[in-house]
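1. With the input below, show me the fold.
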Amino acid sequence: MKLFFVLTVAVLLTTAQCTTTTTLKRPRGVSITNKVFYDSSIDFTCLDGSKTIPFSYVNDDYCDCPDGSDEPGTSACPKGRFHCTNAGFKPKNIPTSRVNDGICDCCDGSDEWKFPKTCPNMCVSLYKEQQQQREMELRALNQGNLMRQEYAQIGTKVKAERQVQLKEAEEKLSKIAEDEAEAHKQKQEIELRETELKDAHDQSAMEIKRLEDEKQNRISSNSAFAEMDLNHDGILTIPEVNLHKELDPDTADNDFTEVEAAAILMENLVGEEKFYLNVWPTIKGAFKSSLDVEMPPPPPVNNDFDSKVEPTPEIDVAEIPTPESEDEEKIDDDEEMDYEEDDEEEADEEVATEAPPPQKEENEVIYDQETLDVINQADEKRNIHGDILKTKKDLESQIDRLKKNMHFDYGVDNSFQVLEGKCFELKTLEYKYSFCPFDKTSQAPLHGGSSTSLGKWGRWSGPSEDKYSKMKFENGLGCWNGPSRSTEIVLRCGTENKLISVDEPSRCSYMLEFTTPCACFVAQNDPHDEL
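-> Below is the predicted model of the structure:
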């Protein structure tokens, strides 16, 4: 390495000497390429062809040509260009206005020819520094390239694993589709039986209710008939009906006539059965029983001392118990009390041990045991079918996700796959920027506040010859009276995955620089690989 550097420097120095000798044969500030236009043996024609002047006018510190080409080595022409030879380093052209301005623009100091001691020749030193920087960059490039190759192996392995997972998931889905079809069939069969039993139960319940309602309706009809039949002869007459003013169909006139009563009865005399069939359905909504009238409260008890005293009842001597009979009765009473206490204790024990019967909730349907068993079986089949459907849905989601990942562009060698699911941050004086590859970018204040979306993953946005050098994130939070925020990620080669800079080149448009081994590519047959 040292020998290579020494030889390079020697060649450059030799070139510099030769160049210095060559520059004496061409005007100061003229490049080797343009030397042919500056022939001292003939007149000089301005490079724009505007005029021809004596060659002695070249670099005479007076601007003759409009394009400034006659003064390449002085500052006389504002449009002129001065060529820095910079032997041993990189040549360059500068405006002639910088010639002899006291600032060293050329590393060989040729632009300050009036002050030769002001600008020493720094070209060899600059070349050395450039080579050292280049060596560092090449080492980083080679190291990053090796890391990228490792990333590529990981990405390829993950892709292969996902391929296996996809195949397994598709096989499971095929199997579970069969299970789902069978479970659905069994569920339908038991639900059909469940529906039949429930319908039969509902029909039976409706019939029972109908009969109960009919029974209750007949009781109400018979009760109303008995109340209206004042003479209890089993025949209801028009005058008897006419007594119930609430049955008046025309309440406006407040006069219930016998004609209206006859219209209700439809006959002059009606027995109990006809009353139930023909009359009761038309009046049961309006009929009011006198039995429903609230009874007045009982009169208060008279506690006056002058009230009449009830006479003391006479006592039958024969009923007075004798001592012997008192003893016998006492024994009997004691035995009865013992029996009663035993019965009460047994009853208390039974109440304590027996659980209260379950209370039927309002509108609760009580099914027979066969129907309950079928309902339980149907619930079990529904649960089984539901679990299978959930598993099927999860598998379908997994397959969709795997297929998406399988076809996702992680770079030419899948090396960028290692960045998936990770986020990187960069803090400035005011904000914290977050970059999550293939997901999102965001900005949040350092000292509290909500995060702002700077865009969601959009696409690779590098030029066609270097597609994977940039990432585009789009459709972030909209700016006030402006477009939606977006971010472009510029990828640089580096041995570390790291955000290094942030900028906002235009309103609501951000640019982040990110170093990563994924961007380190060494071209084949690169002559500097050995560095």
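
2. How many residues are close by residue 269?
-> 12 (other C-beta atoms under 10 Å). (Each C-beta comes from the backbone N, C-alpha and C, glycine too.)

3. and the residue lying closest to it once chain neighbours are set aside, how many neighbours?
-> Once flanking residues are discounted, residue 269 sits nearest to residue 235: 4.9 Å by C-beta to C-beta, 6 or more residues apart in numbering. As a burial measure, residue 235 scores 15 neighbours (other C-beta under 10 Å).

4. what pLDDT does residue 235 get?
-> What the model reports for residue 235 is a pLDDT of 90.

5. cool, residue 365 as well?
-> 75.

6. these two touch, right, residue 108 and residue 121?
-> Yes - counting by C-beta atoms under 8 Å, residue 108 sits close enough to residue 121 to count as a contact (4.9 Å).

7. if I look at the residue nearest to residue 269, how far off is residue 461?
-> Look at residue 235 and residue 461: by C-beta to C-beta, to the nearest Å, they are 104 Å apart.

8. Residue 278 too?
-> Taken as C-beta to C-beta, the span from residue 278 to residue 461 is 91 Å.

9. where does this structure dip in pLDDT?
-> Along the chain, the parts satisfying pLDDT under 70 run over 1-24, 292-364, 523-531.

10. Recalculate using a threshold of 50.
-> Scanning the chain for pLDDT under 50 picks out 1-24, 295, 303-328, 330-331, 336, 339, 347, 351-353, 525-531.

11. the longest helix in it is where?
-> In the chain, assigned by DSSP state H, the helix with the most residues is helix 123-228.

12. Packing partners of it?
-> helix 2-23, helix 280-283, helix 369-406, strand 486-493 (3 or more C-beta pairs under 8 Å, 6 or more residues apart in numbering; DSSP states H and E).

13. Need the residues that contact the last one.
-> Which is strand 486-493. 140-141, 144, 435, 441, 454-455, 458, 461, 468-476, 500, 508-521 (C-beta atoms under 8 Å, 6 or more residues apart in numbering).

14. Residue 82 should be in a strand, yeah?
-> Yes - assessed with DSSP: H, G, I helix; E, B strand; the rest coil, residue 82 lies in a strand.

15. For it, which non-adjacent residue is spatially closest?
-> Using C-beta to C-beta, 6+ apart, the closest residue to residue 82 is residue 29 (4.3 Å).

16. now the one you found: how far from residue 35?
-> From residue 29 over to residue 35 the distance is 11 Å, taken as C-beta to C-beta.

17. try residue 235
-> 148 Å.

18. in the host helix or strand of residue 456, what counts as buried?
-> Secondary-structure element containing residue 456, defined by DSSP states H and E: strand 452-460. Residues 453-456 are the ones in strand 452-460 that count as buried (16 or more other C-beta atoms under 10 Å).

19. same thing with stretch 492-503?
-> In stretch 492-503, counting by 16+ other C-beta under 10 Å, buried: 493-495, 497, 499, 502.

20. counting contacts, what elements does the helix or strand that the longest helix of the chain is followed by pack onto?
-> Note on helix 123-228: by DSSP H and E, the next helix or strand toward the C-terminus is strand 235-237. Packing partners of strand 235-237 (3+ C-beta pairs under 8 Å, 6+ apart): strand 269-271.

21. Contacts made by the strand it packs on with the rest, please.
-> 234-237, 278-279.

22. one more time with 10 Å
-> 225, 228-229, 233-238, 240-241, 264, 276-279 (C-beta atoms under 10 Å, 6 or more residues apart in numbering).

23. likewise stretch 419-435?
-> 151, 155, 158, 405, 408, 410-411, 436-447, 449, 451-452, 454, 471, 473, 487, 489, 497-502, 510, 512-516, 518.

24. Convert it to PDB, retaining C-alpha atoms only.
-> Provided in PDB are the C-alpha atoms of stretch 419-435 (Å, rounded to 0.1, in the frame of the first residue of the first chain):
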ATOM      1  CA  LEU A 419     -35.700  -3.700   8.100                       C
ATOM      2  CA  GLU A 420     -39.400  -4.700   8.100                       C
ATOM      3  CA  GLY A 421     -41.100  -4.200  11.400                       C
ATOM      4  CA  LYS A 422     -38.400  -1.900  12.800                       C
ATOM      5  CA  CYS A 423     -38.400   1.800  13.400                       C
ATOM      6  CA  PHE A 424     -35.600   4.400  13.600                       C
ATOM      7  CA  GLU A 425     -35.600   7.800  15.200                       C
ATOM      8  CA  LEU A 426     -33.700  11.100  14.800                       C
ATOM      9  CA  LYS A 427     -34.000  14.000  17.200                       C
ATOM     10  CA  THR A 428     -33.500  17.600  16.300                       C
ATOM     11  CA  LEU A 429     -33.800  20.700  18.500                       C
ATOM     12  CA  GLU A 430     -37.600  20.600  18.300                       C
ATOM     13  CA  TYR A 431     -38.800  17.300  16.900                       C
ATOM     14  CA  LYS A 432     -38.400  13.600  16.900                       C
ATOM     15  CA  TYR A 433     -38.600  12.000  13.500                       C
ATOM     16  CA  SER A 434     -39.500   8.300  13.100                       C
ATOM     17  CA  PHE A 435     -39.000   6.100  10.100                       C
END
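
25. Great, nothing more from me.
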